[in-house]
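Participant: sequence first, predicted coordinates after that:
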Amino acid sequence: MALRYEYKYFVPNSKMNMLRSMIAPFVKYDKFSLQIENHHYTVRSIYFDTPEYNCYFEKVEGIKHRKKYRLRGYNIPENNHSKVFFEIKRKYEDPILKNRAPSEYEKALGMFNGGQFRDYLPDKTKYPLAEENLKRFFYHYHADRLRPVVLVIYEREAFLGLHDETIRVTFDKNLRSVAFPAVDELYQENKVRYALKDSFILEVKFNDHYPAWMKPIISALGVKRQSASKYVISMDTHNFIKPKKLPSIYSRSRIFTNKHYLRNV
C-alpha cells in the first residue's frame, strides 16, 4: 500500500469559485462527484478515541507517529445495506497510510455488538486486505478501550488530476459535528454544531510529488499549508475536553486555541 501525502489549507468561501476556475485545466471530477447534480457528496465519520483522548492529544501535540480510528459512510442511505468503512489512518512523520476495510452498515453494527467479524467479511478476491484491517481495527478497539466521541460531517467536492489520477484535490465544506454519537447514529445529525463558518478546507493529496501546477494557484490564493484536523476542530467546537484532562505525558503549553485551531506545519 502506497504512502500518501496530504497538504491542507483553509480557504475563504468567497474564493471557492475562483479556485474552481483556476484548477479546471488540470483536474476532472471524480466518479462520485461527477454523478451528483451539485458535484458534492456528504462524508460522515464517527471517530473513536481512548477514555484519555490519546488520539486527540497526540494530534494537538504534534506527535510524529500517530493514529486515528473511524467508521466512515457517505450521504444518506436508503437502508442499512449501504457500504461503510472501518479505517485506521496512520501518520508517519509527513506521509499518511490508511488501513481500510469495507462492510455493510448493518454488518458493521453486528461487529460492534459482539458478532464475529469473520462472519461478515467481504469478498476476499475484491478486498484481500479486509480481514487483516478488521483485525487491526478491533484489536485497538478492545485493547485501547476505544469509544465513539464525535461524528464529523461535511460536504466534499472531489477532483482527480487530469493526467495523473493519483493526484486528488478536495473541497471539504460545511463542517459540522455531533458529540458522543452511538455507532448506530452515523446518519443522524441531532444537536449538530458548525465550525469554520467562513472557510472550507482544501486538501491536495499525492503519492510522490506535489503537483507543480498547484503551486502558483496556492500563491494566488494567499493561503499557507497548515494543520487542519477535522477531528480536532470538531472536538474543540464542543469544548468538552478541559485542560485538567490532559494526560501527564503531554505538555499543556502547546495546546492551540486560536479561532481556526491552526498551527503551521
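Facilitator: That came in fine, so what should we check first? Since the model is a prediction, treat every value here as computed from it, not as a measurement.
Participant: packing partners of the helix or strand harbouring Arg100?
Facilitator: For Arg100, the host element (DSSP states H and E) is strand 96-104. Packing partners of strand 96-104 (3 or more C-beta pairs under 8 Å, 6 or more residues apart in numbering; DSSP states H and E): strand 83-92, helix 130-143. Placement of C-beta: from N, CA and C, glycine included.
Participant: mind listing residues that contact it?
Facilitator: Strand 96-104 has contacts (C-beta atoms under 8 Å, 6 or more residues apart in numbering) with 1, 3-6, 80-91, 111, 120, 122, 127, 129-134, 136-137.
Participant: following that strand, which helix or strand comes up?
Facilitator: That would be, after strand 96-104 and using DSSP H and E, helix 105-112.
Participant: please put the alpha-carbon coordinates of that next one into PDB.
Facilitator: C-alpha atoms of helix 105-112 as PDB (Å, rounded to 0.1, in the frame of the first residue of the first chain):
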ATOM      1  CA  TYR A 105     -23.600  -0.900   7.800                       C
ATOM      2  CA  GLU A 106     -25.900  -3.500   9.300                       C
ATOM      3  CA  LYS A 107     -23.000  -5.900   9.400                       C
ATOM      4  CA  ALA A 108     -20.700  -3.300  11.000                       C
ATOM      5  CA  LEU A 109     -23.200  -2.800  13.700                       C
ATOM      6  CA  GLY A 110     -23.200  -6.500  14.300                       C
ATOM      7  CA  MET A 111     -19.500  -6.500  14.800                       C
ATOM      8  CA  PHE A 112     -19.700  -3.700  17.400                       C
END
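Participant: quick check: angle from that helix to helix 130-143?
Facilitator: Using axes from the mean of the first three to the mean of the last three C-alpha atoms, to 10 degrees, the direction of helix 105-112 lies 50 degrees away from that of helix 130-143.
Participant: for helix 105-112, buried residues please.
Facilitator: 105, 107-111 (16 or more other C-beta atoms under 10 Å).
Participant: show me which of those residues is closest to Asn38.
Facilitator: Of all the buried residues of helix 105-112, Asn38 sits closest to Tyr105, with 24.1 Å by C-beta to C-beta.
Participant: do you know how far that closest one is from Asp123?
Facilitator: 17 Å (C-beta to C-beta, to the nearest Å).
Participant: for the spatially most central residue of the chain, which non-adjacent residue is closest in space?
Facilitator: With distances taken as C-alpha atoms, centre = their mean, Lys230 lies nearest the centre of the chain, 6.6 Å away. Nearest non-adjacent residue to Lys230, counting by C-beta to C-beta, 6 or more residues apart in numbering: Val152, 5.1 Å away.
Participant: hmm, back to that, distance from the chain centre to the strand holding Arg100, please.
Facilitator: Here strand 96-104 is found 12 Å from its chain centre; the criterion is C-alpha atoms, centre = their mean, to the nearest Å.
Participant: list the buried ones in that strand?
Facilitator: For strand 96-104, by 16+ other C-beta under 10 Å, it's 99-104.
Participant: could you do stretch 14-29 as well?
Facilitator: 15-16, 19, 22-23, 26-27.
Participant: take those residues and keep only those in helices.
Facilitator: Mapping these onto helices (DSSP state H) picks out 16, 19, 22-23.
Participant: between those residues, which is closest to Asp49?
Facilitator: Met16 (31.5 Å).
Participant: parallel or antiparallel, list what pairs with the lengthiest strand in the chain.
Facilitator: Of all the segments of type strand in the chain, defined by DSSP state E, the longest one is strand 147-161. Applying DSSP bridges to the sheet, strand 147-161 is found paired with strand 27-29 (antiparallel), strand 41-49 (antiparallel), strand 168-179 (antiparallel).
Participant: perfect, I'm done here.
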